[in-house]
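In: here is the input, now give the coordinates:
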Amino acid sequence: MTSIAVFFLGGTISMAGHQGGVVSRLGGAELLAAVPQLADLGLDLDVRDLRRMPSAGLRFDDILDLVAEAERCPADGVVVVQGTDTVEETSYLIDQLWTADTPVVMTGAMRNPTLAGPDGPANLLAAVQVAASPAFRGAGCVVVLNDQVHAARYVRKTHSTSPATFASPNAGPLGHLVEGEPVRALALPGRSTLPRPDRVRARVPVVTITLDDGGELLAGLDGRVDGLVVAAFGVGHVPETLAPVLGDLAARVPVVLASRTFAGPVLRRTYGYVGSETDLARRGLIGAGLLDPYKARVRLRLLLDSGASREQISAAFAT
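Out: As a prediction, the model looks like this:
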């Protein structure tokens, strides 16, 4: 019998009524019991409650603990249930660390159980179906909501409340569910993974560049951070006045240049003015490629905590 380990961390899917608003109250067994169709799949479901908290409160170390426990679990597939606020980052963090062919499927809900038409039960059913499907072996971590399957490296939360919030602007969905059957639509380029540290301690903020930015958020970072991700304009541009500031910082800690547009690449050699992607590369900034700022931060923190050199960090982002 195919076995699926289902790890519950909390989130909207587990919320129930409370004076002043809904809070995490439902456990994994209660949530699975609300999906009677699961019994028809003929699967052995191993339910594990690891946390019961909104995903805004999750830390890197919580996900490291989850990955370690999932690695020890002799299951044919893994489902992780959490709040959707941080799924973009936690799914990519898992994807960076997961070396097995066993699929890891993340899901959650946009509509809590107190609302008409909550999407949690359907998402949970779909996630278990994908985790049990041979079509998604070797895909690393994927995100399943609204009957779509998204690769962790591409997925974005694009709307604050819509059940159709998750999309993959740079690639499209990896697959879909059709009449309860997971269908793989795309092949993925080869995944690269990183060593799993015992704990993540590197200090890496994200600074978003804005119109007429005076660099106030950059002032005083020297000596207080281990790395930095810059969410720049367009294909990797900043105001001329910020270029030397970022160059000076990049001489001391790794600074990764990402795009605040959250879709499309950071370029390498198209524009040549001060503050352009070419100029910033000459000053030592590392291009994030297709990674958005949040995912670039995940990758940089893991690299720093693994003791990677600047050359190794540059190479890791180049791939």
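In: contacts only, for the residue of the chain positioned farthest from its centre.
Out: Most distant from the centre of the chain: Y273, at 33.0 Å, with distances by C-alpha atoms, centre = their mean. Residues in contact with Y273 (C-beta atoms under 8 Å, 6 or more residues apart in numbering) are 240, 279. (Glycine included, C-beta is placed from N, CA and C.)
In: how near is it to T210?
Out: Going from Y273 to T210 by C-beta to C-beta, to the nearest Å gives 19 Å.
In: before we move on, back to that, helix or strand for the residue farthest from the centre of the chain, which one?
Out: For Y273, there is no host helix or strand (DSSP states H and E).
In: can you pull the pLDDT of it?
Out: At Y273, the model reports a pLDDT of 96.
In: next: R25.
Out: Looking at R25, its pLDDT reads 66.
In: and what of G17?
Out: You'll see G17 listed with a pLDDT of 62.
In: and for G20?
Out: 59.
In: could you list the low-pLDDT ranges of this structure?
Out: Within the chain, the stretches with pLDDT under 70 are 17-25.
In: again, only this time at 90
Out: 1, 10-36, 39, 51-54, 112-120, 187-192, 198, 220, 222, 319 (pLDDT under 90).
In: just the helices in it please.
Out: For the chain, the helices defined by DSSP state H cover 28-33, 60-72, 87-97, 120-131, 243-250, 277-282, 293-305, 310-318.
In: quick one: those as CSV, columns for distance to T107 too.
Out: Shown next, in CSV, are these (distance: least, C-beta to C-beta, whole Å):
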stretch, distance to T107
helix 28-33, 11
helix 60-72, 14
helix 87-97, 9
helix 120-131, 4
helix 243-250, 38
helix 277-282, 36
helix 293-305, 19
helix 310-318, 28
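In: nearest to V206, of the ones you listed?
Out: Among the helices of the chain, helix 293-305 comes nearest to V206, with 5.0 Å by C-beta to C-beta.
In: just the CA coordinates of the closest one, formatted as CSV?
Out: Provided in CSV are the C-alpha atoms of helix 293-305 (Å, rounded to 0.1, in the frame of the first residue of the first chain):
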residue,chain,number,x,y,z
PRO,A,293,14.1,38.5,-4.0
TYR,A,294,12.4,36.2,-1.5
LYS,A,295,13.8,33.0,-3.0
ALA,A,296,17.2,34.7,-3.5
ARG,A,297,17.3,35.4,0.2
VAL,A,298,16.5,31.7,1.0
ARG,A,299,19.3,30.6,-1.2
LEU,A,300,21.8,33.1,0.1
ARG,A,301,21.1,32.3,3.7
LEU,A,302,21.6,28.6,3.1
LEU,A,303,24.9,29.3,1.3
LEU,A,304,26.2,31.5,4.0
ASP,A,305,25.4,29.0,6.7
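In: what packs against it?
Out: helix 87-97, strand 206-208, strand 228-232, strand 255-259, helix 310-318 (3 or more C-beta pairs under 8 Å, 6 or more residues apart in numbering; DSSP states H and E).
In: what's the most buried one of those?
Out: strand 255-259 (a mean of 28; mean count of other C-beta atoms under 10 Å).
In: contact partners of it?
Out: Counting by C-beta under 8 Å, 6+ apart, residues outside strand 255-259 touching it are 227-236, 246, 249, 265-266, 277, 280-281, 284-288, 291-293, 296-297, 300, 317.
In: list buried members of these by neighbour count.
Out: Among the contacts of strand 255-259, those classed as buried by 16 or more other C-beta atoms under 10 Å are 227-233, 235-236, 246, 249, 265-266, 277, 280-281, 284-288, 291-293, 296-297, 300, 317.
In: for the stretch 151-300 of the chain, which segments count as strands?
Out: For the stretch 151-300 of the chain, strands defined by DSSP state E, counting those that start in this stretch occupy the ranges 156-157, 166-167, 175-178, 181-184, 206-208, 228-232, 255-259, 286-287.
In: for the fourth one, buried residues please.
Out: Neighbour-count burial for strand 181-184, counted by 16+ other C-beta under 10 Å, picks out 182, 184.
In: which strands and helices sit next to that strand?
Out: helix 120-131, strand 175-178.
In: repeat that for 10 Å
Out: helix 120-131, strand 148-151, strand 175-178 (3 or more C-beta pairs under 10 Å, 6 or more residues apart in numbering; DSSP states H and E).
In: please name every helix or strand in contact with the second one.
Out: Using 3+ C-beta pairs under 10 Å, 6+ apart as the contact definition, the elements that strand 148-151 packs against are helix 87-97, helix 120-131, strand 141-145, strand 166-167, strand 175-178, strand 181-184.
In: likewise the first one?
Out: When contacts are defined as 3+ C-beta pairs under 10 Å, 6+ apart, helix 120-131 packs onto strand 3-8, helix 28-33, strand 77-81, strand 104-107, strand 141-145, strand 148-151, strand 175-178, strand 181-184.
In: mind putting the ones you listed into JSON lines with distance to S133?
Out: Listed next are these as JSON lines, based on distance: least, C-beta to C-beta, whole Å:
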{"stretch": "strand 3-8", "distance to S133": "11"}
{"stretch": "helix 28-33", "distance to S133": "19"}
{"stretch": "strand 77-81", "distance to S133": "8"}
{"stretch": "strand 104-107", "distance to S133": "9"}
{"stretch": "strand 141-145", "distance to S133": "10"}
{"stretch": "strand 148-151", "distance to S133": "9"}
{"stretch": "strand 175-178", "distance to S133": "9"}
{"stretch": "strand 181-184", "distance to S133": "4"}
